[in-house]
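S.K.: Mind folding the following:
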Amino acid sequence: MLRVGSKAACLACRNLVSTNMGVRFRVPLQKLHPLSRAIHHRYSGNTNPQRAPHRTAARYFTSMSRLPMRPPKPPPGSGGRGHQQQRNFWVARLAARLLKLRYILLGSAVGGGYTAKKTYDEWKDMLPDFSEYNWVIPDFVWELSEQIDLDKLAKALPEMEEIVKLLPDLDKIGENFTFIKSLLSSETSGDPPLKAADSSAASTQDSSDKQYKKGLLGELILIQQQIQRHEEEVRRAAEANNARPPPPEPAPSPPPNPSPLQQKRKSSDRERIDQLQEELLRTQLKYQRMLERLEKENKELRKVVLQKDDKGIHQRKVKKSLIDLYSEVLDILSDYDSNYNTQDHLPRVVVVGDQSAGKTSVLEMVAQARIFPRGSGEMMTRSPVKVTLSEGPHHVAMFKDSGREFDLSKEEDLAALRHEIELRMRKSVKEGQTVSTETISLSVKGPGIQRMVLVDLPGVISTVTAGMAADTKETIFSISKAYMQNPNAIILCIQDGSVDAERSIVTDLVSQMDPQGKRTIFVLTKVDLAEKNLASPSRIQQIVEGKLFPMKALGYFAVVTGRGSSSESIDSIKDYEEDFFQNSRLLRDGMLKAHQVTTKNLSLAVSDCFWKMVRESVEQQADVFKASRFNLETEWKNNYPRLRELDRNELYEKAKNEILDEVISLSQVTPLHWESILQKKLWERVSTHVIENIYLPAAQTMDSGTFNTTVDIKLKQWTDKQLPHKALEVAWETLQEEFARFMAEYRGKDQDDIFDKLKEAVKDESIKRHKWNERAMDSLRVIQHNALEDRSITDKPQWDAAISFMEETLQSRLKDTESVISDMVGPDWKQRWLNWKNRTPDQHIRNETKNELERLLKLHDDHTAYLANDEVTTVRKNLEGRGVEVDPVLIKDTWHQLYRRHFLQNALSHCNLCKRGFYYYQRHFVDSELECNDVVLFWRIQRMLVITANTLRQQLTNTEVRRLEKNVKEVLDDFGEDQERKSQLITGRRVQLAEDLKKVREIQEKLEAFIEALHKEK
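M.R.: Below is the predicted model of the structure:
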């Protein structure tokens, strides 16, 4: 009976092998190749309900799964009828065959429907299980299947042509059978030891071997039996050789020489052991080649199926794969700032190792593409790289935050991908640092790639070299510990086999994180160099058996990742690795097992371990996040019961709309409001220049002609150099103030103060970016020049308006001058007596100087604006005579303020006289002692202000407000893309709580979707 250990095999295997065959499997099922286990369990029930059935990439879409199971023929002698008995009763058998026609007619008439249904069910059972590809079939097909009665359909008799269409490609399967049979016959025909080993069981297995050779499944079982027999014979021979006691050695005499018979026996035993080991190795390699051929066929079939869906044959929306759902959960968790002690304990494969130990090369072999930047001895991996591996029709790679696909079958795309990864690594490293904690997320898809999530970490170093930050070593250790302390993380420990094991740093670190080795897989790289350089290859055996390092591991693997050239392709590395292990004495001498070598076996083992860990821990993690969500929702309800849960992005969008509404409000400002504000602000800006530099110097002239000439010259200079620039400054400041005023008014209407910092930043940045139209200054200069050249006052209202404007201006300036003089001389006698104030010594000196200068003005009422030097000396001597020491500069400064007051008082008096001077103005002041040229000057200034304000208002409403609105939108868009800026501008516990709620809900939903898909796959 076919057995696995002491347990009976599945029903399919029991039917294939006869009970008297005498062949037993002594090796546990777990040691079989994954494809053998997939074949075995294809027809057997799961005896352990707690363990999911093993799945491999070769379980479906192979020619084996399409092969119908043929019932075994009874061996000769099992039914009690021999060949002689069949010859004696040939007449009866002939009659029975002739009478079959009657049974056929009767069966077709009575049980045709039942026979057809049974035939249909048998063919249906032989089809492969397409349950994992239900997503390929459109939704309407499933809806249609629910409306169809399958029982009625099964009763219908199908046509033979339709049944034949359901069959696999028998020609292709026949070619595979022919190839494998020729391979077996050629290998076994030239192996006399193998024939000798099989001659003892040839009589009992001859008929059953013929049955097996008719199908591919039988061929694989035969090879498996040969492997088991060879291993058993090697084990027995080794035990017999070790159990033979050595001959006794007498003490006084030297040991006698062994007899030639004993030497011959020992040499023959050793030769037999070596011969059996070579036979075992050849059989294993033959078995491996057959499995690789079948897996290649499986890969091609899966690629065809995926390409059909990729080309759009089925219009149904393609669902995300299981590994993509899981990778999305990990991406969200990497950005989640955990509160409430919610930690990320979801499994992933963490790749750690010493620098230049071959971590990246191993990962590239698993991903089947040279995707990482390479360097000779320098640090290339500067930040963690999360690689999500999944199966797909095309070999492509894509970043999480980019839509570009890199075709890994093209060398230019591979070079671009390596360059992009290097740029992202360097960009993530902050200034003054060497490595970064920021994770780069990358997904790789391709035919036959094992599904898993790996994280490649920077290599562990022992010494900080020149050019590195001082804390580089500690930072790498902290990053590695942060990933490895996850109790569900699978640690892929990479050790360089070409260097001394005592120089390893990472093994101590891994043993600290996983002392029991329950989630560690040890990988020894560069085994080809190790075998060549090591004097004792047994050290490699000690390493892969876990006897050399203090760390423990689930499994130990030895791999070769090429000859060290960066230009090697993945296919050439695979061929080199296979050739090396095929010819290596490590396998030939039994130091390494066949399942411990090659990156292919490593990827299969890591993938199985990864999914086992995922199934065991994912539901527990979902419960943890469910509890965290409940805590966060409770806090929100208690603290913010009347507010919606808006995260930072949603709050930003709300603030963005409010700011845009405030900018649009600028277009609703009335023209009259704009002009009044602009006119007032412009006069405040230029009034001092007009009084001090234009009006006051011109008023010192003796006649009206000189006055008008001086005014025209100074106005022309002012217009050409300063006035347009001052006007644009006033307009820009007015626009800013109005913008700020609208934002302040809007803030009072139930405004959320959480936006204050953001709005202020947007306003400042928008104003900083805004620049007035350069051509506006030239056009404004022409308009102002033309306005100031006009001197014709057409009617009495304009004259009165000019008089009023001049009077207001002079009174305002006189008031300011009086205030300055009062501050200079200090309080008068009334303030001193009523408010108990005293003058300072400086104020006393200025007061005496003021009194002396006032006496001078009374004597010379028409004095000029400046004191002569002799007048200054006279004033100083008069003061010294009263005991007051005064500086000439102080005298001139005091005179300037006193003369200003005197001038303004006279100008106001003259302004009152000119109120009735419009008649004389129309007559050009002919035959009149009254001259009002200063009124005409203020009329020109007033008209210029009105025209300038109107021009600026038009520029504001037609151009600048729109440009400011555009700048605000650009600033808002830039801030919206800058997550760091948004985090700085929108802050508070309320924002953080909403962010955490959003993240936890998203994580929980993704985990539930992943768990549902995981259960469906089971």
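
S.K.: measure the nearest residue to residue 983 once chain neighbours are set aside to residue 762 for me?
M.R.: Take residue 983 and drop its neighbours on the chain: the residue closest to it by CB to CB, 6 or more residues apart in numbering is residue 648, 6.9 Å away. Yep, even glycine has a C-beta here, placed from its N, CA and C like the rest. Distance, residue 648 to residue 762, by CB to CB, to the nearest Å: 16 Å.

S.K.: Residues contacting stretch 863-877, please?
M.R.: Contacts with stretch 863-877, where a contact means CB atoms under 8 Å, 6 or more residues apart in numbering, come from 696-697, 700, 849, 852-853, 856-857, 886, 888, 891-892, 895, 899, 903.

S.K.: quick one: least confident of those?
M.R.: Among those, residue 700 carries the weakest pLDDT, at 83.

S.K.: Give the burial count for it, as a bare number.
M.R.: Look at residue 700: counted by other CB atoms under 10 Å, it has 13 neighbours.

S.K.: Could you give the backbone dihedrals for it?
M.R.: Phi and psi for residue 700, reported as degrees, to the nearest 10, are phi -80, psi -10.

S.K.: how about low-confidence regions in the stretch 601-750 of the chain?
M.R.: Residue ranges of the stretch 601-750 of the chain with pLDDT under 70: 746-750.

S.K.: got the residue ranges for the helices in it?
M.R.: Applying DSSP state H, counting those that start in this stretch to the stretch 601-750 of the chain gives helices spanning 648-664, 671-689, 696-699, 704-721, 723-747.

S.K.: So for the shortest one, what gets flagged as buried?
M.R.: What that stands for is helix 696-699. 696, 698, 699 (16 or more other CB atoms under 10 Å).

S.K.: Show me what that helix packs onto, helices and strands only.
M.R.: Packed against helix 696-699 by the contact rule (3 or more CB pairs under 8 Å, 6 or more residues apart in numbering; DSSP states H and E) you find helix 704-721, helix 888-913.

S.K.: With the longest one instead?
M.R.: Other helices and strands packing on helix 723-747, by 3+ CB pairs under 8 Å, 6+ apart, are helix 648-664, helix 671-689, helix 756-769, helix 775-789, helix 933-955, helix 961-977.

S.K.: Quick check: buried residues in it?
M.R.: 723-724, 726-728, 730-732, 734-736, 738-739, 742-743, 746-747.

S.K.: now the helices and strands packed on helix 696-699 as a markdown table including distance to residue 757?
M.R.: Converted to a markdown table, the helices and strands packed on helix 696-699 look like this (distance: least, CB to CB, whole Å):
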| stretch | distance to residue 757 |
| --- | --- |
| helix 704-721 | 41 |
| helix 888-913 | 47 |
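
S.K.: of those helices, which approaches residue 987 most closely?
M.R.: For residue 987, the closest of those is helix 704-721, at 47.9 Å, according to CB to CB.

S.K.: That closest one relative to helix 775-789, how many degrees between them?
M.R.: 170 degrees (axes from the mean of the first three to the mean of the last three CA atoms, to 10 degrees).

S.K.: Give the buried residues for helix 704-721.
M.R.: 707, 708, 710, 711, 712, 714, 715, 718, 719.

S.K.: And for stretch 841-851?
M.R.: Buried residues in stretch 841-851 (16+ other CB under 10 Å): 845, 846, 847, 848, 849, 850.

S.K.: Kindly report the same for stretch 913-928.
M.R.: So for stretch 913-928, counting by 16+ other CB under 10 Å, buried means 914, 917, 918, 920, 921.

S.K.: neighbouring contacts of that stretch?
M.R.: Everything outside stretch 913-928 that qualifies as a contact, by CB under 8 Å, 6+ apart, is 704, 793, 796, 799, 800, 803, 930, 931, 932, 934, 935, 936.

S.K.: average model confidence for it?
M.R.: Stretch 913-928 comes out at a mean pLDDT of 76.

S.K.: Which of the contacts of stretch 913-928 ranks first by neighbour count?
M.R.: Going by other CB under 10 Å, residue 932 tops the contacts of stretch 913-928 with 27 neighbours.

S.K.: list the contacts for that residue?
M.R.: 910, 914, 917, 920, 921, 925.

S.K.: can you rerun that using 7 Å?
M.R.: Going by CB atoms under 7 Å, 6 or more residues apart in numbering, residue 932 touches 914, 917, 921.

S.K.: burial of residue 958, as a residue count?
M.R.: 9.

S.K.: now swap in residue 948 and tell me
M.R.: Close neighbours of residue 948, defined as other CB under 10 Å, add up to 26.

S.K.: Could you check how far it is from residue 672?
M.R.: Counting by CB to CB, the separation of residue 948 from residue 672 is 16 Å.

S.K.: same deal with residue 944?
M.R.: From residue 944 over to residue 672 (counting by CB to CB), the distance is 19 Å.

S.K.: neighbour count winner among those two?
M.R.: residue 944 (25 against 9).

S.K.: what sits up against the strand or helix carrying residue 575?
M.R.: Per DSSP states H and E, residue 575 falls inside helix 570-583. Here helix 570-583 makes contact (CB under 7 Å, 6+ apart) with 285, 365, 368-370, 528, 559-563, 587, 597-599.

S.K.: Likewise for stretch 530-547?
M.R.: 497-498, 501, 524, 527, 548-549, 552-553, 556, 558, 584, 586, 591-592, 596.

S.K.: can you give me the helices for the stretch 401-550 of the chain?
M.R.: For the stretch 401-550 of the chain, the helices defined by DSSP H, counting those that start in this stretch cover 411-428, 472-484, 506-513, 527-533, 538-544.

S.K.: could the ones you listed go into TSV alongside mean neighbour count and mean pLDDT?
M.R.: Formatted as TSV, the helices of the stretch 401-550 of the chain follow (neighbours: other CB atoms under 10 Å; pLDDT from 0 to 100):
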stretch	mean neighbour count	mean pLDDT
helix 411-428	16	89
helix 472-484	17	90
helix 506-513	20	88
helix 527-533	18	81
helix 538-544	18	80
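
S.K.: nearest to residue 635, of these?
M.R.: Among the helices of the stretch 401-550 of the chain, helix 472-484 sits nearest to residue 635 (CB to CB), with 27.3 Å.

S.K.: circling back: please indicate which of the contacts of stretch 863-877 are buried?
M.R.: 696, 849, 852, 853, 856, 886, 891, 895, 899, 903.

S.K.: in what helix or strand does the fourth one lie?
M.R.: Residue 853 is located in helix 841-859, with elements delineated by DSSP H and E.

S.K.: And the average pLDDT for the helix or strand just after that helix is what?
M.R.: For helix 841-859, the succeeding helix or strand toward the C-terminus, using DSSP H and E, is helix 869-881. The average pLDDT within helix 869-881 is 88.

S.K.: pull the CA atoms of helix 869-881 into PDB?
M.R.: Presented in PDB, the C-alpha positions along helix 869-881 are these (Å, rounded to 0.1, in the frame of the first residue of the first chain):
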ATOM      1  CA  ASN A 869      24.300 133.700   9.500                       C
ATOM      2  CA  ASP A 870      24.500 137.100  11.000                       C
ATOM      3  CA  GLU A 871      20.900 136.800  12.200                       C
ATOM      4  CA  VAL A 872      21.800 133.500  13.900                       C
ATOM      5  CA  THR A 873      24.800 135.100  15.600                       C
ATOM      6  CA  THR A 874      22.600 138.000  16.800                       C
ATOM      7  CA  VAL A 875      20.000 135.600  18.300                       C
ATOM      8  CA  ARG A 876      22.700 133.500  20.000                       C
ATOM      9  CA  LYS A 877      24.300 136.600  21.600                       C
ATOM     10  CA  ASN A 878      21.000 137.900  22.800                       C
ATOM     11  CA  LEU A 879      20.300 134.600  24.500                       C
ATOM     12  CA  GLU A 880      23.800 134.500  26.000                       C
ATOM     13  CA  GLY A 881      23.100 137.900  27.400                       C
END
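
S.K.: which of the residues in it are buried?
M.R.: Buried residues in helix 869-881 (16+ other CB under 10 Å): 871, 872, 875, 876, 878, 879.
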